[in-house]
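Asks: Pasted the sequence and its predicted model underneath.
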Amino acid sequence: MKKGIHPDNYRPVVFKDMSNEEIFITRSTVAAKETIEIDGVTYPLVKLEITSSSHPFFTGKQKLVDTAGRVDKFMSRYGNRKK
């Protein structure tokens, strides 16, 4: 590897999924404003809205969000194609 092009501030950082409260610790250079204490050790905290532990592609659970009847409108138009 080339010298001098990689950051020197790799450190353990806690990433927290806010939708299911799951946390994981990994090494990162991301700047964090908050901290969290886990097992007596203080880590920088990065809050995320969605991770692989809550994303429908990885969990297999699909959420259907109906905004102003759009799903019903779609189903009435295209839902009965197999008949």
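Replies: All right, it came through fine.
Asks: number of nearby residues for Val46?
Replies: 17 (other CB atoms under 10 Å). Any C-beta I mention is one placed from the backbone N, CA and C, and that applies to glycine too.
Asks: surely it meets Asp17?
Replies: No: using CB atoms under 8 Å, Val46 makes no contact with Asp17, being 10.4 Å away.
Asks: Which secondary structure element of the protein has the lowest mean pLDDT?
Replies: helix 56-59 (a mean of 64; mean pLDDT, DSSP states H and E).
Asks: Can you name the next helix or strand after it?
Replies: Next in sequence after helix 56-59, counting helices and strands by DSSP states H and E, comes helix 70-78.
Asks: Send me that next one as CSV with only the CA atoms.
Replies: Provided in CSV are the C-alpha atoms of helix 70-78 (Å, rounded to 0.1, in the frame of the first residue of the first chain):
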residue,chain,number,x,y,z
ARG,A,70,-51.8,4.6,-3.5
VAL,A,71,-51.5,0.8,-2.8
ASP,A,72,-55.3,0.4,-3.2
LYS,A,73,-55.2,2.4,-6.4
PHE,A,74,-52.4,0.2,-7.7
MET,A,75,-54.1,-3.0,-6.7
SER,A,76,-57.3,-2.0,-8.4
ARG,A,77,-55.5,-1.2,-11.6
TYR,A,78,-52.9,-4.0,-11.8
